[in-house]
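Undergrad: Here is a sequence with its predicted model. Questions after.
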Amino acid sequence: MRIALIAHDKKKNDMIGLAIKYMDVLREHELFATGTTGTLVMGETGLTIHRMKSGPLGGDQQIGSMIADGKLDLILFLRDPLTAQPHEPDVSALLRLCDVKDIPLATNIHSCEIMLRALKNGIFENLD
């Protein structure tokens with residue numbers, strides 16, 4: 001599967017922890033991430049990640065373009081709902097595209113863990 005990892009600033013440590021915990025699952029898939037998140041996760045895990053630009057600098061839009069083109073299968077997006085994001089329209093567009101294209105989207109730790117456990121157990125697979 002092609003999986004995107006995205007995390008707002010206050011959630012980056014959570015994404016790193018998630019990636020460490022599920023490194024055995026993630027290494028079996030092709031990973032993409034917004035710039036800073038990808039750099040941090042790669043640094044802590046050694047996972048190979050295709051990095052886009054930083055979210056506020058267009059990375060969310062790059063991920064959105066991949067969704068629109070059918071190039072992603074799962075989005076793990078740890079959002080910070082309590083902090084205003086300067087690129088909120090890009091975030092909203094990305095979430096809308098997931099719904100339009102029927103791409104599974106997890107936006108908090110527990111939903112990410114459910115998706116990753118399902119991948120690990122062979123319950124969740126590409127639905128194409």
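TA: That came through, no problem. Residues are numbered from 1 along each chain as shown.
Undergrad: Quick one: the strands in this structure, in order.
TA: Assigned by DSSP state E, the chain shows strands spanning 2-7, 30-33, 49-51, 74-78, 105-106.
Undergrad: Just put those in a markdown table and tack on mean pLDDT and distance to Leu94.
TA: To be clear about C-beta, it is placed using only N, CA and C from the backbone, and glycine gets the same treatment. Output for these, formatted as a markdown table (pLDDT from 0 to 100; distance: least, Cβ to Cβ, whole Å):
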| stretch | mean pLDDT | distance to Leu94 |
| --- | --- | --- |
| strand 2-7 | 97 | 8 |
| strand 30-33 | 98 | 13 |
| strand 49-51 | 98 | 16 |
| strand 74-78 | 97 | 7 |
| strand 105-106 | 96 | 9 |
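Undergrad: looking at those strands, which is closest to Ala19?
TA: strand 2-7 (7.1 Å; Cβ to Cβ).
Undergrad: on that earlier part again, redo the strands of the chain as CSV? Include distance to Tyr22.
TA: Shown next, in CSV, are these (distance: least, Cβ to Cβ, whole Å):
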stretch, distance to Tyr22
strand 2-7, 10
strand 30-33, 11
strand 49-51, 14
strand 74-78, 10
strand 105-106, 12
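Undergrad: looking at the ones you listed, which is closest to Ile123?
TA: For those, proximity to Ile123 was assessed by Cβ to Cβ; strand 74-78 is nearest, at 13.0 Å.
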